[in-house]
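# sequence plus the predicted model coming up.
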Amino acid sequence: MATTTLSRQFGNQTLTFEAGRLAPQAEGSCVVTYGETQVLATCTTAAPREGIDFFPLTIDVEERMYAAGKIPGGFFRREGRPSETAILTARLIDRPMRPSFKDGYRDEVQVVITVLSVDMANPYDIPGMNSASLATMISGIPFEGPVGSVRLGLIDGEWVVNPTFQQVDGATFDIVVAGRRNDAGDIDILMIEGEAPDNAMQLLGAGEGATAPTEEVVARGLDEAKRAIGELIDFQLEFVAKLDVKPQQFEPRPLYAADTWTIVEAFAKERLETAIVPDKQERETAFEEIKEALKGHLLETWGEQTYQARQSEIAPAWKDLQKKIMRARVVEHGVRLDGRGPRDIRPLSAEVGLVPRAHGSSLFQRGETQVLNVTTLGMLRMTQMIDTLDPEDTKRYIHHYNFPPFSTGEVGRIGSPRRREIGHGALAERALVPVIPPEEEFPYTLRLVSDVLGSNGSTSMASVCASSLSLMDAGVPIKAPVAGIAMGMIADEGTFVTLTDILGAEDALGDMDFKVAGTKDFVTAIQLDMKVTGLPGDVLAGALQQAKDARLKILDVMQQAIPVPRTEVNPKAPRILTLQIPVDKIGEVIGPKGKRINEIVAMTGADIDIQDDGTVFIGAREGAGADEAARIIDEIANPRPITVGEHFTGTVVNTTTFGAFVNLVPGRDGLIHISKLGRGKRLASVEEAVKVGATIEVEVQDIDDRGKISLRPVGEEWAIPEGMEPEVSQDRPPRRDRDRRGPRDRDRRPRERRDRD
C-alpha cells in the first residue's frame with residue numbers, strides 16, 4: 001500500500017495525517033503528527049462473542065518513554081502498567097467513540113494508540129483522539145464518524161485552539177471537546193472534559209485580562225469548539241477519500257425478537273409502573289420480583305426448549321421497558337423514578353471531624369449517595385513523583401477515589417483501582433486544584449481519599465463536596481469551597497428535559513451525564529457524555545445554568561457544616577515552618593556527608609527538606625522541635641559575630657592530643673588547649689578532664705586572623721587551687737638546634753656515587 005500524506009494548518013501548528021507506511025496488517029492504521037508530537041493509531045476487529053449483549057470496544061494508550069528521550073524508571077527499566085495519564089486519555093477517546101458505532105454492531109473492536117514522539121509542548125491526547133477516529137474510518141467498519149476532537153484554552157479572555165502546555169499555564173480554563181456531524185450538517189457535541197488550571201485563581205486575582213470561566217463564558221467556548229471540530233471532520237473526510245477504503249458488510253444483530261418485546265411489555269408494563277416508588281431498595285426489590293415472574297411467564301409461554309434458546313433476549317428487553325417507562329414519566333408528567341421533579345435535589349447533609357486521628361475528615365450525603373473523605377497533610381518531599389510523557393514530574397495535591405462493592409449492596413472484587421475509579425478520582429481532583437493554595441502560602445503535600453460508602457448517582461460530585469469540607473476541617477486555607485452536581489437529560493422527538501441530581505438508574509437509562517463543579521462564582525471542572533445527537537446549543541447552556549442553581553444550594557448546606565477553613569492546621573498534622581537561607585550556605589547546613597543536618601534531625605526530631613534555591617521546609621509533630629531546628633539552621637546560615645570575652649555554654653564535640661573542640665553556636669567551634677584543662681597540673685590526655693558530649697562553660701580568649709577561636713574554661717570547677725602554681729606549660733617545647741649536617745649516618749655522597757656503590 002502506497003504511503004498517503006496530507007497536511008493542514010490547525011491552530012498554531014501543522015497537523016499531518018499519514019497512512020500506508022506503518023502497521024500495514026492492521027485493518028485501519030494511521031500516523032497523526034501535530035508539531036513534533038506524533039502517535040500511531042491502529043484499529044482491528046474480531047468475531048463477536050456468543051450471546052454478548054453489549055458493544056465490546058477496547059481503547060488502549062501505550063506510552064513509549066523513548067517518545068520523550070527518557071529511560072523508564074523502576075528496577076526493570078521498561079514500561080509497565082499504564083500511567084494515570086494514559087488511562088485518562090484512553091477514557092477520553094472511548095467516550096465519544098463508543099456511541100458513534102452503528103446500533104446492533106457487536107464485533108470485538110480494539111483501538112491502540114502508541115505514542116511515538118512528544119515535544120513537551122503539544123499534548124498527545126488530541127492527536128490520539130483524532131487518530132483513533134481516522135484509523136477506525138480507514139478500517140471500513142460500521143462507524144458513524146468521523147469524530148473530531150479539539151482543546152481550547154481561555155487565555156486573556158479569548159478561546160485559543162489547541163494551546164500548548166506553556167500557554168495553558170496562563171489560562172483560566174482548559175477544555176477538551178469532541179463531536180461529530182449529524183444528518184442536518186450541524187456539529188453535535190458528544191463529550192466535554194474541562195477544568196480550571198491550578199493557577200486560575202491567581203490569574204483572576206491579578207486582574208490583568210484574565211476572564212473567569214462562568215457558565216456563559218464556557219457556553220461560548222463550546223460554540224467555538226464546534227467550529228474547530230467541523231474543520232477536523234472535513235480534514236479527516238478529505239484524507240479518507242484519498243484511500244481505497246472498502247466498507248465492511250454489516251447486518252445489525254437485534255438483541256431480541258419483536259415477539260419477545262410484545263410479551264415482555266404486555267406482562268410487565270403496568271406492574272413496573274405500579275412498582276415505581278421513591279425508596280431505592282423497595283423499588284429494586286419490587287423490580288426483581290416482577291422480573292422473576294416475567295421469566296416464569298416466558299417459560300410457560302415458550303416452553304422449556306425455546307426458553308433456554310432465547311433466554312438471552314430477556315435482559316435487554318427488560319432494560320428497554322424500564323427505559324421506556326422512566327422516560328415517559330419524565331416527558332409526559334414531569335415525575336422521576338423517586339417522585340422528584342426535574343429540578344429537585346435529594347436531601348443533603350454534611351458533617352466534619354468524623355475520624356479522630358485524621359488531619360481533616362468529612363461525610364457528605366445526597367440521597368443514598370454517601371462519601372467519606374479524609375485529608376492527610378505531609379512534608380513537600382512527600383509529593384508524588386510522576387514518570388510519564390508530560391512535562392509535569394511531581395504532584396503535590398493528590399486525590400484517590402475508592403468504590404467498594406458494598407456501596408451498592410453487592411459482593412465484588414476489592415483490589416487495585418479500575419479505570420473508572422481512576423477517572424472519577426481525577427475529575428474530583430481537578431475540581432479542587434484551582435482553589436488549593438500554592439506551596440509558598442501552604443508548604444504541605446495534600447492527599448485526599450474519598451471512600452464511597454453508598455452509591456446511587458454521581459459519587460464523583462459527592463467526592464468534590466466531601467473534599468472541600470475535609471480540606472476546611474484540616475485547616476487548609478482554600479480560596480473558596482467547591483461543590484459539584486450531576487445533570488441528566490431525557491430527549492424525546494425534539495423535547496429535552498434536563499434533570500438535576502440524577503439517580504444511578506437515570507444515568508443508565510437517560511441520554512446525558514453532565515457533571516459540573518465549581519465555586520459560587522465560576523466553574524472549576526466539567527464533564528459531559530452524550531448518548532444522543534441533535535442537542536441544541538441553548539439546551540446545553542440551559543443545563544449549565546440549571547447546574548449552577550443546584551450548586552449554590554449545595555454550597556449553602558456545606559457552609560452550615562463549616563463556613564470557612566479552620567484558622568490553624570489540625571494539631572495532629574505536622575507543623576511546617578519555612579526559612580530562606582543563602583544558596584552558598586546550603587552545604588554548611590547539610591555538613592559533610594549530611595552529618596550536620598542529621599545531627600539537627602536527631603536533636604530536634606524535625607523533618608527537614610532543603611530546596612536548591614535555599615528554601616528550607618521544617619516539619620515536626622511538636623511545634624517546639626520545628627522552632628529549635630529553625631533556630632539552629634538560621635544560626636548556621638546567618639552566624640552572628642563572636643567577640644573576645646564573650647561567654648558560652650558549649651558542648652565538647654571532639655578531643656585531640658592537644659585540646660578539646662567546643663561547639664559555641666551551630667557551625668562555630670573553638671579550641672581549649674590541654675594546658676588550660678589541668679587546673680595547674682599536667683594531663684596525660686584531654687579525656688582526663690573532659691569527654692565528647694560534655695557541657696562546659698567557656699570564655700573567648702582570642703580570635704586570630706583566620707577566624708580560629710581560642711577558649712578557656714570558666715567556673716569554680718576550673719579554677720587553680722589557692723597556693724598552687726601552674727606547672728610548666730604543656731605547650732610544644734622549642735625545637736632544639738640540630739647539626740646542620742643532619743644525622744651522623746646521613747650519606748652525603750653524590751647520588752651517582754651512591755647508586756654505583
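Great, that's in hand.

# residue 556: neighbour count?
Around residue 556 sit 12 other residues, with neighbours defined as other CB atoms under 10 Å. For the C-beta atoms, the positions are set from N, CA and C on the backbone; glycine is no exception.

# can you tell me the SS state at it?
On the three-state scheme (DSSP: H, G, I helix; E, B strand; the rest coil), residue 556 is labelled helix.

# distance of it relative to residue 488?
Distance of residue 556 to residue 488, computed by CB to CB, to the nearest Å: 22 Å.

# centre-most residue in the protein?
residue 398 (5.0 Å; CA atoms, centre = their mean).

# please report phi then psi for it.
For residue 398, the backbone dihedrals are phi -120, psi 130 (criterion: degrees, to the nearest 10).

# what residues does the closest residue in space to it that isn't next to it in sequence make contact with?
Counting by CB to CB, 6 or more residues apart in numbering, residue 447 is the residue found nearest to residue 398 once chain neighbours are left out, at 4.6 Å. Applying CB atoms under 8 Å, 6 or more residues apart in numbering to residue 447 gives the contacts 375-376, 378, 382, 398-400.

# and if you look at residue 132?
By CB under 8 Å, 6+ apart, the neighbours of residue 132 are 41, 43, 59, 93, 97, 111, 113, 147.

# the fifth one: what's it in contact with?
Read that as residue 97. With CB under 8 Å, 6+ apart, residue 97 has these contacts: 57, 59, 111, 132-133, 136, 147.

# element containing residue 253?
Take DSSP states H and E as the rule and residue 253 turns out to sit in neither a helix nor a strand.

# what bits of the chain have low per-residue confidence?
Within the chain, the segments meeting pLDDT under 70 span 1, 207-209, 722-757.

# mind redoing it with 50?
728-746, 757 (pLDDT under 50).

# hey, which helix is longest across it?
helix 215-241 (DSSP state H).

# next, the buried residues of it.
Going by neighbour count (16 or more other CB atoms under 10 Å), the buried part of helix 215-241 is 215, 217-219, 221-222, 224-226, 228-233, 235-236, 239-240.

# same check on stretch 404-423?
In stretch 404-423, counting by 16+ other CB under 10 Å, buried: 407, 417, 421-423.

# and the helices in the stretch 101-250 of the chain?
For the stretch 101-250 of the chain, the helices defined by DSSP state H, counting those that start in this stretch occupy 125-139, 165-168, 200-206, 215-241.

# ditto for the stretch 651-757 of the chain
For the stretch 651-757 of the chain, the helices defined by DSSP H, counting those that start in this stretch cover 751-756.

# ok, now the stretch 401-550 of the chain?
Using DSSP H, counting those that start in this stretch, helices in the stretch 401-550 of the chain cover 419-432, 459-474, 504-509, 537-561.

# which helix or which strand is home to residue 323?
Judged by DSSP H and E, residue 323 forms part of helix 314-333.

# which elements pack onto that helix?
When contacts are defined as 3 or more CB pairs under 8 Å, 6 or more residues apart in numbering; DSSP states H and E, helix 314-333 sits against helix 258-275, helix 280-302, strand 483-492, strand 495-500, helix 504-509.

# and the angle for the third one with helix 314-333?
Translated: strand 483-492. Orientation of strand 483-492 against helix 314-333 (axes from the mean of the first three to the mean of the last three CA atoms, to 10 degrees) gives an angle of 90 degrees.

# using PDB, write out the CA atom coordinates for stretch 483-498.
The C-alpha coordinates for stretch 483-498 follow below in PDB (Å, rounded to 0.1, in the frame of the first residue of the first chain):
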ATOM      1  CA  ALA A 483     -19.400  21.800  45.100                       C
ATOM      2  CA  GLY A 484     -20.500  19.500  42.300                       C
ATOM      3  CA  ILE A 485     -23.700  18.200  40.800                       C
ATOM      4  CA  ALA A 486     -24.600  15.700  38.100                       C
ATOM      5  CA  MET A 487     -27.200  16.600  35.500                       C
ATOM      6  CA  GLY A 488     -29.100  14.200  33.200                       C
ATOM      7  CA  MET A 489     -31.400  14.600  30.300                       C
ATOM      8  CA  ILE A 490     -34.300  12.900  28.600                       C
ATOM      9  CA  ALA A 491     -34.600  13.600  24.800                       C
ATOM     10  CA  ASP A 492     -37.800  12.600  23.000                       C
ATOM     11  CA  GLU A 493     -38.600  13.800  19.500                       C
ATOM     12  CA  GLY A 494     -37.400  17.300  19.900                       C
ATOM     13  CA  THR A 495     -38.300  17.600  23.600                       C
ATOM     14  CA  PHE A 496     -35.400  17.900  26.000                       C
ATOM     15  CA  VAL A 497     -35.900  17.700  29.800                       C
ATOM     16  CA  THR A 498     -32.900  18.400  31.900                       C
END
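
# just how off-centre is it within its chain?
Here stretch 483-498 is found 29 Å from its chain centre; the criterion is CA atoms, centre = their mean, to the nearest Å.

# buried set for that stretch?
By neighbour count on 16+ other CB under 10 Å, the buried set for stretch 483-498 is 483-491, 496-498.

# same check, this time on stretch 381-400
382-383, 386, 388-390, 396-400.

# now distance to residue 193 and secondary structure too, for these, in TSV please.
As requested, the buried residues of stretch 381-400 are arranged in TSV below (distance: CB to CB, whole Å; DSSP: H, G, I helix; E, B strand; the rest coil):
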residue	distance to residue 193	secondary structure
382	28	helix
383	24	coil
386	19	coil
388	18	coil
389	18	coil
390	16	coil
396	22	coil
397	19	strand
398	20	strand
399	16	strand
400	20	strand
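
# quick one on the thing from earlier: which one of the contacts of residue 97 sits closest to residue 592?
Set against residue 592, the nearest of the contacts of residue 97 by CB to CB is residue 59 (53.8 Å).

# so the host helix or strand of the closest one versus helix 125-139, what angle?
Assigned by DSSP H and E, residue 59 belongs to strand 57-63. Using the same axes, to 10 degrees, the inter-axis angle of strand 57-63 relative to helix 125-139 is 130 degrees.

# pull up the pairing partners for strand 57-63, direction included.
Next to strand 57-63 in the sheet, as set by DSSP bridges, lie strand 108-117 (parallel).

# only alpha carbons, please: show the partner strand as PDB.
Output in PDB follows, covering the C-alpha atoms of strand 108-117 (Å, rounded to 0.1, in the frame of the first residue of the first chain):
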ATOM      1  CA  GLU A 108     -14.800  -7.000  19.100                       C
ATOM      2  CA  VAL A 109     -13.000  -3.700  18.300                       C
ATOM      3  CA  GLN A 110      -9.700  -2.700  19.600                       C
ATOM      4  CA  VAL A 111      -8.100   0.700  19.000                       C
ATOM      5  CA  VAL A 112      -4.500   1.100  20.200                       C
ATOM      6  CA  ILE A 113      -2.800   4.500  20.400                       C
ATOM      7  CA  THR A 114       1.000   4.200  20.500                       C
ATOM      8  CA  VAL A 115       2.800   7.500  21.400                       C
ATOM      9  CA  LEU A 116       5.900   7.700  19.200                       C
ATOM     10  CA  SER A 117       7.000  11.300  20.000                       C
END
